[in-house]
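Peer 1: Predicted coordinates and the sequence they were generated for:
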Amino acid sequence: MLAKKRIFSIEANIPNTNVEDIPFESDTSLDDADIILYRPSFGIQFMFSGERYNGLPILSQDSSYRTYSRIRHWKSEIAASINSGKLIVVFLDKPVEYYRYTGERKYSGTGRSRVTTN
């Protein structure tokens, strides 16, 4: 008899009771998964600052850091899973374009006319 495969779903929303749903915000390791279903997204914490730059929305400072941190985590987990030979299925949606805060600030002008650009 074949062993039951563990299937992890990161934001893929698969309606199956045999699939373990893992939120984007999670620090879960993919080591225990046999099959990984991944839909690149930014989870529910994705918040815009209300500002725009070059016509695109800007993530809030907090969301910028959390989103960058989560993307690094999942990139690392998926790379490790690929290297260990696991099956990974990626579901691609239309790309979402936005700007995020990097912590870099530029200043122009002097005195009262000084302008800060994030």
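Peer 2: That came in fine, so what should we check first?
Peer 1: From now on I want contacts and neighbour counts done on CA atoms only, so please keep to that.
Peer 2: OK.
Peer 1: Now for residue 73: which residues touch it?
Peer 2: residue 27 (Cα atoms under 8 Å, 6 or more residues apart in numbering).
Peer 1: where's the helix or strand hosting it relative to the chain centroid, distance-wise?
Peer 2: In this assignment (DSSP states H and E), residue 73 forms part of helix 61-83. When distances are taken as Cα atoms, centre = their mean, to the nearest Å, helix 61-83 is centred 6 Å away from the chain's centroid.
Peer 1: Likewise for stretch 108-118?
Peer 2: That offset, for stretch 108-118, works out to 33 Å (Cα atoms, centre = their mean).
Peer 1: Over to stretch 88-96?
Peer 2: Centre to centre, stretch against its chain (Cα atoms, centre = their mean), the figure for stretch 88-96 is 12 Å.
Peer 1: in that stretch, what counts as buried?
Peer 2: Buried residues in stretch 88-96, counting neighbours by 16 or more other Cα atoms under 10 Å, are found at residue 88.
Peer 1: for that stretch, what is the average pLDDT?
Peer 2: For stretch 88-96, mean pLDDT rounds to 89.
Peer 1: just for this structure, where's the confidence low?
Peer 2: 1-2, 42-49, 118 (pLDDT under 70).
Peer 1: Give me the neighbour count for residue 100.
Peer 2: 20 (other Cα atoms under 10 Å).
Peer 1: ditto for residue 50
Peer 2: 9.
Peer 1: What is the subsequent helix or strand relative to whichever strand or helix holds it?
Peer 2: Here residue 50, judged by DSSP H and E, is contained in strand 48-53. Of the helices and strands lying after strand 48-53 in sequence (DSSP H and E), the nearest is strand 56-59.
Peer 1: Okay, buried residues for that following strand please.
Peer 2: 57, 58, 59.
Peer 1: ok, now how distant is the last one from residue 106?
Peer 2: Shown here: residue 59 relative to residue 106, a distance of 18 Å by Cα to Cα, to the nearest Å.
Peer 1: Likewise for the second one?
Peer 2: Applying Cα to Cα, one obtains 16 Å for the distance of residue 58 from residue 106.
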